[in-house]
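In: Coordinates only, no sequence provided:
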DNA sequence: TACTTTTGTGTAAGTACTTACATAATTTAG
DNA sequence: CTAAATTATGTAAGTACTTACACAAAAGTA
């Protein structure tokens, strides 16, 4: 009957829009039931002004995630409805501070009551009726933020077309990709730690400047893998931040990166390469073993809570 | 950071719209990557015409769930782009049969390839990244179809305000509510059976005409509970299709319905009331016991697979 | 100090749909 | 066999946002 459902995930966008439209339509009717001549789309803005009197448009934008144009339009309408007043800020004349009018305060109680009833219904719908919807949406948004759909498709395409994998050095502008790849697997298996954030947010400062290097695997114009060599001392480097995009796992990209890293370490004058890992990461441990790394007795203190395996490769 | 998330399920609509917009925007970029000057919104229509040459606009509408206006506009654009041709049907001159042009056929292969790549990515995103999203959406849509949000809120409000519960007889137009209430709990605990569908789809024919009756509990203008008496013979009735909306459970509405049903059975000249239930439904069994029903040894064959308890109330 | 850049806001136009209205061809009813 | 209802389609205008452009006030810079 419903073709979109049969078509599969491709039509997700269309489907979400339809659901959204349906919910908004219902919401309009519900406001009417409560005797409120109030539009659903006003709600977030009105609510924020009620909660934080004197808030500016820009602050609202930051909190609700719409564009400033949208907020500007909603504010204009609310002012015209006599529910909000706008006053130019004394210190900064660009800012307009918003407040509820007496009429706005009058609407507030019934709005609160209605919100509570709707909230209760939605709670039942979302938690009992369709468990996991909220978390699934959050997860999807997070995934898309980490790597946009377009980039994911590009990677999949390149993989399908058997595009060559190129290993190259980190360049300016690679930081977001480097970060995303690592955040992805770390959050999948463990939790991000302060030491991760330092290295991932400012790789130049924490990795390159001290004499280390970052290698990236590129396929079809997309960064699909990464690893880093951190300089420990003149003849010793640590291999870390090894990550490969799930879309291209199984194509020996990790091996290519690992080999390139060892080769680079040798070129940099290393006599040994050290690494930390976790027993959960069996694929990675297999790779390290293949590269010639040997297990060390757990001895050296690590800044990472997840490290429960330490390995070393002695270079001749 | 994201206020909508903190606000809770009330903002679900807005959130879905944002996600939808994001996905559509990404899709447009992906088409460009594949060298297609093709808009995402064309896809379902174009796809259907490719699959079913000679399809009419109306048939497309039925399959993709958009309005006819939307399909009409998309078709117009596709014709203007030279991807589709429209021909008036010979038998029925209102119908316009659609087909791909040679240019349309030329686009098809790269579109298919692209669709497959996108599909693979979405599969990973939706199944691994945000498990349950698809089912959760389906469940939510199903719930909303069964009872619209507005009606749910009305029930919750009436319950909060302590609105009186009125038990009354089935009237014309009550069938959808009667059906929805029962489908809801049956699908929650068991599976719908053919015998259910007969009684729920045509209650007049299968319940009222043979001499039975249907009682509904109404609160705040919404039907929140139901039960039926089916005539077995001159002095024997079966109590069935007892259902109370989850939003108002715990307010003794089941008890009100049960008492009313027993009273009605007495008025109809019954000497006994019989019922079938299931051991899983402890709340219902408790209610039946309270009403004076006694367990029978499982003996009578039932048209319902879920029936594993049989009870009887002897009226004096 | 004058300049460029950034920030806060507003407006116009676009988007992917919708609802509302219109019209012709066909089917149904009396 | 004609009138009324239904069906298939088209178009205009609305919706809840968006992007793109504009501009003044403030902040940073030479």
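Out: Sure thing, it's come through. In this text the structure is predicted, and so the values were computed from the model without any measurement. Numbering: from 1, shown residues only, chains lettered A, B, ... in the order given.

In: Which residue, neighbours along the chain excluded, lies closest to residue A:255?
Out: Nearest residue to residue A:255, sequence neighbours excluded (C-beta to C-beta, 6 or more residues apart in numbering or on different chains): residue A:287, at 6.0 Å. C-betas here are computed from N, CA, C, even on glycine.

In: for the helix or strand that neighbour falls within, packing partners?
Out: Assigned by DSSP states H and E, residue A:287 falls within helix A:282-291. Counting contacts by 3 or more C-beta pairs under 8 Å, 6 or more residues apart in numbering or on different chains; DSSP states H and E, helix A:282-291 packs against helix A:253-267, strand A:272-277, strand A:309-314.

In: just how off-centre is it within its chain?
Out: Its chain's C-alpha centre and that of helix A:282-291 lie 28 Å apart, by C-alpha atoms, centre = their mean, to the nearest Å.

In: out of the helices and strands packed on helix A:282-291, nearest to residue B:100?
Out: Nearest of those to residue B:100, taken as C-beta to C-beta: helix A:253-267 at 39.4 Å.

In: Show me what counts as buried in the closest one.
Out: The neighbour-count check on helix A:253-267 (16 or more other C-beta atoms under 10 Å in any protein chain shown) flags A:253, A:254, A:256, A:257, A:258, A:260, A:261, A:262, A:264, A:265 as buried.

In: filter the residues you listed by proximity to chain B?
Out: By C-beta under 8 Å from any C-beta of the partner chain, no member of the buried residues of helix A:253-267 lies near chain B.

In: quick check, nearest of those to residue A:26?
Out: Closest to residue A:26, out of all of these and judged by C-beta to C-beta, is residue A:253, at 48.0 Å.

In: So for that closest one, what's the pLDDT?
Out: Looking at residue A:253, its pLDDT is 92.

In: next one: residue A:130
Out: On the pLDDT scale, residue A:130 gets 69.

In: follow-up on the earlier one: need the contact partners of the following helix or strand past the helix holding residue A:287.
Out: Past helix A:282-291, further along toward the C-terminus, the next helix or strand under DSSP H and E is strand A:294-296. Identification of contacts with strand A:294-296 by C-beta atoms under 8 Å, 6 or more residues apart in numbering or on different chains yields A:274, A:309, A:310, A:311, A:312, A:313, A:314.

In: Mind giving me the ChimeraX command for buried ones among these?
Out: The ChimeraX selection below is limited to those of the contacts of strand A:294-296 classed as buried (16+ other C-beta under 10 Å):
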select /A:274,309,310,311,312,313
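
In: Would you reformat the contacts of strand A:294-296 as a markdown table and include pLDDT and distance to chain B?
Out: Formatted as a markdown table, these follow (pLDDT from 0 to 100; distance: C-beta to the nearest C-beta, whole Å):
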| residue | pLDDT | distance to chain B |
| --- | --- | --- |
| A:274 | 93 | 32 |
| A:309 | 89 | 25 |
| A:310 | 91 | 30 |
| A:311 | 93 | 28 |
| A:312 | 92 | 34 |
| A:313 | 93 | 32 |
| A:314 | 93 | 38 |
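
In: For residue A:39, give me its contacts.
Out: A:28, A:31, A:77.

In: Could you list which of those also contact DNA strand D?
Out: Restricting those to those adjacent to DNA strand D (criterion: C-beta under 7 Å from any atom of the strand) gives residue A:28.

In: Give the PyMOL command for selecting the buried subset of the contacts of residue A:39.
Out: Selection of buried members from the contacts of residue A:39 for PyMOL, criterion 16+ other C-beta under 10 Å:
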select buried, chain A and resi 31
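
In: Show me which of the contacts of residue A:39 is closest to residue B:88.
Out: Closest to residue B:88 out of these is residue A:28 (39.6 Å), distances taken as C-beta to C-beta.

In: quick one on the thing from earlier: how about the helix holding residue A:287, which residues are buried there?
Out: For helix A:282-291, burial by neighbour count (16+ other C-beta under 10 Å) applies to A:284, A:285, A:287, A:288, A:291.

In: Next: stretch A:127-146.
Out: Across stretch A:127-146, burial judged by 16+ other C-beta under 10 Å covers A:129-130, A:132-134, A:136-137, A:139-141, A:143-144, A:146.

In: got the residues of the stretch 101-250 of chain A near chain B?
Out: The interface of the stretch 101-250 of chain A toward chain B, taken as C-beta under 8 Å from any C-beta, is made up of A:114-115, A:117-126, A:128-141, A:143-144, A:148-150, A:152-154, A:156-157, A:160, A:246-247.

In: Surely residue A:216 is in a helix?
Out: No. Residue A:216: not assigned to a helix; according to DSSP: H, G, I helix; E, B strand; the rest coil it is strand.

In: ok, now which ones touch it?
Out: Applying C-beta under 8 Å, 6+ apart, we find residue A:216 in contact with A:167, A:168, A:169, A:170, A:174, A:177, A:178, A:223, A:225, A:226.

In: Run through the stretch 51-200 of chain A and note the low-pLDDT ranges.
Out: A:128-131 (pLDDT under 70).

In: hang on, the earlier thing: could the buried residues of helix A:282-291 go into CSV alongside pLDDT?
Out: Putting the buried residues of helix A:282-291 into CSV (pLDDT from 0 to 100) gives the following:
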residue, pLDDT
A:284, 92
A:285, 93
A:287, 94
A:288, 95
A:291, 93
